[in-house]
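>>> Give me a model of this one.
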Amino acid sequence: MRALTRMEAALEENTGLLNRLREANVLGVVASCEQGVFDANDAFLDIIGYSREDVAAGRISYQTITAPEFADRDREAIQELIATGACQPYEKEYLHRDGHRVPVLIGAAVVDRDPLRWVTFAIDLTARQRAEQERAALLAREQAARAEADSARERLTFLLRASAFAAATRNRHELLEHAAQLVVPGLADNCVVFLPTADGTLYATSLAHRDPERAPVLAEFRSHEIPTAGPLAIQVAYTTGTTQVLGGVAAQIPLWQELAPGLADTLVRLRADSVLAAPLLAGHRPVGVLALVRDAGRPSFAETDVKVAEEFARRLADVMVNAETSAREHTIAETLQRAVLPGTFPAVPGLDLAAGYLPASDGVHVGGDWYDVFPLGGSRVGLVIGDVAGHSITSASIMGQVRSMLRAYALDRPHPGDVLERTNAAMVRLLPEALASAIYAVLDLATGDLVYANAGHPPPLITTGAGDAQYLDSTTGVLLGACAGISLRGSRRRLAPGTGILFYTDGLIEDRRRDIDEGLSALAAALRRSRARTADQIRAAAESLLESEPSRGDDVCLLAARLPGLRLRVQARPVARGPWPEGRGQRARKRDKCDHPGWVRYDFHAPLRRFGLWPQPGWGRNRCCRGSVPGSGFSPPDQRPAGRPRSRPGA
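As a prediction, this is how the structure comes out:
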């Protein structure tokens, strides 16, 4: 009895707790049996949208308020109740009276087994589900924003890379070839750049395909002459100047009756699905079409793709126009410069001359370099090398004016320093924006004297056929045109026969990838290796310095001069020992007799005396019979023939 009493007391306590939980309406509580719901608190009725009248009328059962897809799970829960007296909580959805679904978390426990009755606890998960949905939507928006940012970054990177390439490329063909490769595969599966031809058709000038096996199919566009007007997207884009986007290309090809059979077959085998054609416009004038194509396995072109393609087409068109303008200016500047440079040298007996001009191969860097050679009267010759700052048609024009000024002052002023100072004064007044470096040298062919002045130019290089090469003193003055009243000190060097001299402009030795001292050393080494014996060989040795360079960023002028090597012609006569014959023999004895044994009279060839670099006919030791060079021209001081003056050494 005491045990039964304790059980009844515990049951009453549990029932009280359940009633307090039911009445608190913190969560839904419903009492059910297999026939339906017979009791529920207000919280549960709010979840499903029913009233107590509906409960009293028996219109509520767990089957009617449960979504159909959860029926099997409810049956499993009832079996679990029968077997264990309780079921583990699980999520499901109730059907609200107005038709919407309410997510809930339920759990149940048996209160009576005969008949089977149980109590179900339901927690409304609507707020949690709404929060989860909001969190998922926020995450989706964040992911979309990140994807858009990544896409924008990729588009910006693409445009920056394209702009950098376009800015660095001056060659039109190279520009177009790489333009197609830039957009594949990032923006399209294949790309073709079409340009108009003189006969009114569009020609595929640049192509790129991501699939090497289908690249030959794309290359077939080169063999087709496509009219500028027609139904194709590229034709419409060219004639209207507007971007065209076309999807479902394969389905539309049969409708294009005007296409040539070969072109239609190429389009079919290309397996294109969507096409974006952006016109290349120079102002309002079409200069080509950029065609981007995607295959069926890739999404069609979106609005962002269209904007990127249009911006790329705009930049490509601008660079094309600039490249054409640059090429035209390059041609004009080079033509003008070649016209100003002397085509042939004046006739200068006794001086070997050679010159060369190499235009820049990179961009429009042509215009300021020049060389000049002109006689000054007597045995003097003027040699000039110079470089006007800048690379343009203007520089070439200024170069012609500076060359004419220097020539005019050279005829009036004998000293090179004075000539350059007068030229500088004229530039400061007449060409205030111009700067130029120059070397002006005067070579006296009679004596071998070289007098020169340097206005900020690289030093000339002296070379001999024996492999020697050295620079003239590196003292340089101020650039011409830099300021008024400059003073340029002249220098002097005597050149022996066979000596060569090389004048050059800075494009030969300067390179942004190395120091200028390295360029000077490389030039001297090249001339030493060449052992050049003519002016043309000196020029060729200097030009060989550029053979390993893939491109030249500056033009180069070369001027080489060489004094010819003079061969000594010695005529040695054996000393007659008498008796001397009369007549001619007496004259010969007077001319050739020498009291010192082994000394004979010798003579030089005419050019030697003409240059004045060697002694006049005198006395020297006869060593010709042993294959040596004749003596220095001095007679023995103690046994000099009477009446003969002392012979001078060479001048």
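>>> From here on, just use CA atoms for contacts and neighbour counts.
OK.
>>> ok, which stretches of the stretch 51-200 of the chain are strands?
Along the stretch 51-200 of the chain, counting by DSSP state E, counting those that start in this stretch, strands occupy 86-95, 101-113, 116-124, 190-196.
>>> For Glu310, which non-adjacent residue is closest in space?
Counting by CA to CA, 6 or more residues apart in numbering, Glu310 lies nearest to Ala278, which is 6.0 Å off, once chain neighbours are set aside.
>>> mind checking how far that neighbour is from Val289?
6 Å (CA to CA, to the nearest Å).
>>> what touches both of the two?
Residues touching both Ala278 and Val289 (CA atoms under 8 Å, 6 or more residues apart in numbering): 234, 237.
>>> Figure out which of the strands of the stretch 51-200 of the chain is closest to Thr240.
Nearest to Thr240, of all these, is strand 190-196, at 14.4 Å by CA to CA.
>>> Past the closest one, which element shows up next along the chain?
In the C-terminal direction, the helix or strand that comes right after strand 190-196 (DSSP states H and E) is strand 201-209.
>>> hang on, the earlier thing: the residue nearest to Glu310 contacts Ala237, doesn't it?
Yes - under the criterion of CA atoms under 8 Å, Ala278 lies in contact with Ala237, with a separation of 6.3 Å.
>>> Among those two, which residue is more densely surrounded?
Just comparing Ala278 and Ala237: by other CA atoms under 10 Å the higher neighbour count belongs to Ala278, 30 against 25.
>>> Which pLDDT value belongs to that one?
With respect to pLDDT, Ala278 scores 93.
>>> ditto for Arg601
What the model reports as pLDDT for Arg601 is 39.
>>> So what does Ala446 look like in phi/psi?
phi -80, psi -30 (degrees, to the nearest 10).
>>> Can you report how many residues neighbour it?
Neighbours of Ala446 under the rule other CA under 10 Å: 17.
>>> Okay, helices next: where are they in the stretch 101-250 of the chain?
For the stretch 101-250 of the chain, the helices defined by DSSP state H, counting those that start in this stretch cover 126-168, 172-183, 215-219, 233-240, 249-252.
>>> deepest of the ones you listed, which one?
Mean neighbour counts were taken over these using mean count of other CA atoms under 10 Å, and the top value, a mean of 22, falls to helix 233-240.
>>> quick one: common contacting residues for Ala278 and Ala237?
With CA under 8 Å, 6+ apart as the test, Ala278 and Ala237 both reach 243-244, 289.
>>> May I see those arranged in JSON lines, with distance to Leu160 and neighbour count as well?
Formatted as JSON lines, the shared contacts of Ala278 and Ala237 follow (distance: CA to CA, whole Å; neighbours: other CA atoms under 10 Å):
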{"residue": "Thr243", "distance to Leu160": "22", "neighbour count": "23"}
{"residue": "Gln244", "distance to Leu160": "24", "neighbour count": "20"}
{"residue": "Val289", "distance to Leu160": "21", "neighbour count": "29"}
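>>> Now stretch 381-397: average pLDDT?
Taken as a whole, stretch 381-397 has a mean pLDDT of 86.
>>> Compute the first-to-last residue distance for that stretch.
Across stretch 381-397, first to last residue, CA to CA, it's 25 Å.
>>> can you give me the offset of it from its chain's centre?
Put simply, stretch 381-397 sits 28 Å off its chain's centre (CA atoms, centre = their mean, to the nearest Å).
>>> Also stretch 199-212?
Distance, stretch centre to chain centre, for stretch 199-212: 23 Å (CA atoms, centre = their mean).
>>> Now it: buried residues?
201-209 (16 or more other CA atoms under 10 Å).
>>> so Leu479 sits right up against Ile439, yeah?
No - counting by CA under 8 Å, Leu479 does not reach Ile439; the two are 10.4 Å apart.
>>> For Ala149, find the nearest of the strands of the stretch 51-200 of the chain.
Comparing the strands of the stretch 51-200 of the chain under CA to CA, the one sitting nearest is strand 190-196, at 24.9 Å.
>>> With only the CA atoms kept, save the closest one in PDB.
Output of strand 190-196 as PDB, limited to C-alpha atoms (Å, rounded to 0.1, in the frame of the first residue of the first chain):
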ATOM      1  CA  ASN A 190      38.100  31.400 -80.100                       C
ATOM      2  CA  CYS A 191      38.700  34.900 -81.500                       C
ATOM      3  CA  VAL A 192      39.100  36.400 -84.900                       C
ATOM      4  CA  VAL A 193      40.100  39.900 -85.800                       C
ATOM      5  CA  PHE A 194      38.700  41.000 -89.200                       C
ATOM      6  CA  LEU A 195      40.100  44.000 -91.100                       C
ATOM      7  CA  PRO A 196      38.700  45.600 -94.300                       C
END
